[in-house]
Every structure is written in C-alpha cells, then in structure tokens.
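Chemist: Provided below for reference: sequence and predicted model.
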Amino acid sequence: MGTSPIRKPSNPMVNGFDPSRLDELPDQMQKSIRRRDKSLGPGYRLFYDEPLEIVRGKGVTLFDRDGNEYLDVYNNVPSVGHGHPRVIEAVHQQMQTLNTNTRYVQESILDYSEQLLSTFPAELGHVMFTCTGSEANDLAMRVAKYVSGQQGIIVTAGAYHGLTAEVSSFSPSLGKGVPLGPNVRVIDAPDALRYTSDQGSSSDQGSLQDHLRDQVRAAIADLHRHGIGVAAFIADSIFSSDGVFAGPAGFLRPIVEEIHAAGGLYIADEVQPGFGRTGEEWWGFQRHGIVPDIVTIGKPMGNGIPVAAAIFKPELLQEFGKNIRYFNTFGGNSVAIAAAQAVLDVIRDESLIENALKVGGKILTGLKDLTQNLEQVAEVRGSGFFIGVDLVTDRSTLTPNGEAAASIVNALRQDRILISACGAQGNVLKLRPPMPFSSDDADRLLEGLGRAFKALR
Ligand code: PMP
C-alpha cells in the first residue's frame, strides 16, 4: 500500500474532510481512506473532520463498524427510513418476477405514474423517468430550449442542479473549477435576512420580491443583449445549497412572471424538497402559489433505489416527443418503479408529511428557543424537515461564520448526531432527517444541539 500524501482539494467542499489531516485519524480509517484514494481516485470527498464508516442503517439510525449508533438528521434519500421493510419487500418481489424497461407495456409504471401525477396540480400531466436528478434536469433543460427556441438559463448564486456537462454548467455551487456556461446568468439567493437588513427595513416581503424581480429583469435583458434569449429559470424550491430559504412564501412569483413574459419556462427542481419533506404539501413550489412548467424529482423517490423523473405540462412535449425519441435504459425499470410505488404508499400510510410538519415544527421552535440569545445565530428558518440555522460572527454585521458551523457539525458528529452545512460560506447548519423522525428523536437532537451551542460560547 502506497503512503503518498493525499492532496488537499483546491476547491474544498462544505463539511468535507481535509485529506492533509489523514495522519490524525485512527489507523483503520487511514488504511481505508488510502485504499479508497487508490481505487476511486482523487475526485471523491468524505464528510466530517473525522470521516465515518457506516455499515448498517435502520429507520433514523446509522451504525458504524464498532456498533455505535448515530442519529441521522441529514439523509433525505432514505426518505421513509433506512431499510424500510415495505420497500425491501417490494424490490425483492419485483426482482424475483421481472426487471425490464419502458419499451414493454407494464401496468405497474402506469399505476405509479397516475398516482404520482395526482399529487401535482392538474396542469402537469406527463412524467418521463430517469435514473438521477441530474438526468431529469438535463432532460428538462433540453425540452425548455426546444420549446422556447432560446438558450439562456438563469439560476441562483449558490445553486446545484447536478453533474452532467450541461447541468454542471448551471450549478454555480460547484465553484470556480467548473465554469458556468456562456448562456448562464446568476441572480442573488433569496436571502431575506441580509437583503432586507441591507435596505434597513424589517422583513419586508415586498422589497425582497422587488429585488428578485429587478435581478431577473437584468439577467433577461443581458441574455437578449447577447442574442441568447432565455430558455428557463431553474430553482431548487427550498434553495438548499444556497442556504435553505423557505420564505416568505410567494417570493418566486415575480421571477416566474418575468420569465414567462420573456418566453422562457420555469423549472422547479424538487430533488431536495419533494415528496412532502417541507411538511405542508407534496411539493415545495406549492408554498409559493405557482405552477411550474416542468418539475424535476429524484433523491427520495425510491428510498435509495436510483429513480428520478421530470414532470411536464403536456403541451411542452407534443413536438419534442414527436420528433425526438426518448429511451433511458434503466430509467423507470420495473424494480425502480416497485421501490417508488412503495415509497409513495408509505408516505401516505404512515402520514409522513403530517409528521414532517409536526416534528419539524417542534425542532424549529426548539432551535429558536435554544438560540434566541446567541449572538452567533442570525436566523433559524425552514419548513417541515428542512431546517437551516444561519451562523454569523455577530448579529449586527451578519457576516457568515462558516467556522462556527463546521465546529457545531463536527461536535455533533462526535456526539453521534449527523447533520451537515450549506450556504455560500458553509455557514448554515442543514438539518434534513429521514421522514419517520419522531418527537423523541427531536428531543435527542435538541439536547445535542444545546450542548454544541454551549461549547461554542
Ligand atoms: N438538484 C438538486 C437540488 C440536488 O440537490 C441534486 C443532488 N444533490 C441534484 C439535482 C442532482 O441529483 P443526482 O445526484 O441524483 O444526479
């Protein structure tokens, strides 16, 4: 085994392990990371100052190789809980029966599609399946460019939409190493706290909306000036990589009006907030009282089995579908659909959206109580099981404090509670547990957060 030093990335990830500190880790972990680097190469990242080796998961609990238990307050992919028996059974049964593709008629994909579409506003009537959120966004953008006849894309400053060549070109959160496309324009994240305080007014929804409208107008004008036009505005409905911005509800409306007036489409990226995580409805855009032209979904859809999709207003697909053949070898295969059906059933049968509202609300209130006198906490915000805690050096300047966030994330990890951070400066704690997270789990989380905040003082 070579012992050459593993190089520190030039563009570090929020809450990423710094490989130049490899020597500080226990021997076994050092060995595993060296093996990993040897076979997987330098592109991968690990979480936490002390990375974790996870060997098993059940519900909202993860177990390391020594049998230690961790409370999972971060993973949204196992949305109905790690190792949910109904998902396991559905996948097992389907694997024994048949696993094939969308070039054959199968009733299960029809049943699932009808049920999935019934959770969306009536205007959204067709679903096309992919394997990943990136593919769903790639397809959505292809359709938007085709239908609009224009090429421009508008995103928020900290957006992440995926990893293909196309989609990474409109994912500014990947940093300077991944250049934005010449057809991409960036607007401010909807940071009501900083925007309104910059203006000297209190949380004035009107002024945030006006600011976003101005930003989008300027981006559209610039795209036209360059002869590019605007194909789409795409946004994560909870702005997770931007720093978790759930409100004030309605701030997306002026943006969508401007995009439509310019002949572009609005794509709601629901890969993060979708499937009821925000606790009110099935989809995050619904809180803004708008209907997207296209919605993309993924991560929580199959509880870990790769399945994702794009949902369209049917009129958008008429010409596209006639002229362009769509086949995705694994997208929407029989096993993926079986997993997705089980997830949909469990969300309904176990009232997980209601649980997100109730227990998420308890966490939000508990966190506000816990931090109300803390100078380093500017805001606790979120909706349901998507919560952000904005850390600053002090409340008067609101300077983002990524170091404080990192220290809390790592203190909690040592306390066996797993969260992470997000935002442009990595200064926003990101809490996003599997959806069966209970009231007792919330108590344990709040106790741990109490200890971590106390250590910060
Ligand atoms: N959109 C958003 C908002 C995401 O967070 C992600 C993944 N982090 C993606 C798209 C891409 O999804 P995938 O990793 O499944 O390609």
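Modeler: Right, received. Where do you want to start?
Chemist: Leu429: what's it in contact with?
Modeler: Leu429 is in contact with 387-389, 391, 405, 408-409, 419-421, counting by CB atoms under 8 Å, 6 or more residues apart in numbering. Every residue, glycine included, has its C-beta placed from N, CA and C.
Chemist: Go through those and flag which are in helices.
Modeler: Those of the contacts of Leu429 mapping onto helices are 405, 408-409, per DSSP state H.
Chemist: Looking at the residues you listed, state which has the most neighbours.
Modeler: When neighbours are taken as other CB atoms under 10 Å, the top entry among these is Ala405 (28 neighbours).
Chemist: where does the closest residue to the ligand within the stretch 251-400 of the chain land on pLDDT?
Modeler: Of all residues in the stretch 251-400 of the chain, Val271 sits closest to the ligand, at 3.6 Å by CB to the nearest ligand atom. With respect to pLDDT, Val271 scores 98.
Chemist: swap in Gly247?
Modeler: 85.
Chemist: Now do the same contact list for it.
Modeler: Gly247 neighbours (CB under 8 Å, 6+ apart): 192, 287, 381, 383.
Chemist: Just confirm the second one is within a helix.
Modeler: Spelled out, that is Arg287. Yes. Judged by DSSP: H, G, I helix; E, B strand; the rest coil, Arg287 forms part of a helix.
Chemist: Which residue comes closest to it once chain neighbours are left out?
Modeler: Distance criterion CB to CB, 6 or more residues apart in numbering; nearest residue to Arg287, sequence neighbours excluded, is Ala249 at 4.7 Å.
Chemist: now stretch 307-321, how far from the centre of its chain.
Modeler: Put simply, stretch 307-321 sits 22 Å off its chain's centre (CA atoms, centre = their mean, to the nearest Å).
Chemist: And the contacts of that stretch?
Modeler: Contacts of stretch 307-321 (CB under 8 Å, 6+ apart): 116-117, 120, 123-133, 135-137, 139-140, 142-143, 146-147, 265, 271, 293-299, 301, 331-332, 336-337, 339-340.
Chemist: Stretch 123-132 now?
Modeler: With CB under 8 Å, 6+ apart as the criterion, stretch 123-132 contacts 102, 109, 113, 116-117, 136, 139, 162, 291-292, 295, 298, 306-314, 317, 326, 328, 330-332, 336-337.
Chemist: one more time with 6 Å
Modeler: 113, 136, 291, 306, 308-314, 317, 328, 330-332 (CB atoms under 6 Å, 6 or more residues apart in numbering).
Chemist: In this protein, what residue comes closest to the ligand?
Modeler: For the chain, CB to the nearest ligand atom, closest residue to the ligand: Gly133, 2.5 Å.
Chemist: show me the contacts for that residue.
Modeler: 162, 271, 298, 308.
Chemist: These, buried ones only, as a PyMOL selection?
Modeler: Only the buried entries of the contacts of Gly133 go into this PyMOL selection, using 16 or more other CB atoms under 10 Å:
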select buried, resi 162+271+298+308
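Chemist: For the most centrally placed residue in the chain, give me its contacts.
Modeler: Nearest to the geometric centre of the chain sits Gln272, at 3.0 Å (CA atoms, centre = their mean). Listed by CB under 6 Å, 6+ apart, the contact set of Gln272 reads 236, 238, 240.
Chemist: still on that earlier bit, narrow the contacts of Leu429 to those in strands?
Modeler: 387-389, 391, 420-421 (DSSP state E).
Chemist: Take these and lay them out in CSV including distance to the ligand.
Modeler: Shown next, in CSV, are the ones in strands among the contacts of Leu429 (distance: CB to the nearest ligand atom, whole Å):
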residue, distance to the ligand
Ile387, 16
Gly388, 14
Val389, 19
Leu391, 21
Ser420, 12
Ala421, 14
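Chemist: before we move on, the earlier item: in strands, which of the contacts of Gln272 fall?
Modeler: Those of the contacts of Gln272 lying in strands (DSSP E): Asp236.
Chemist: Alright, that wraps it up for me.
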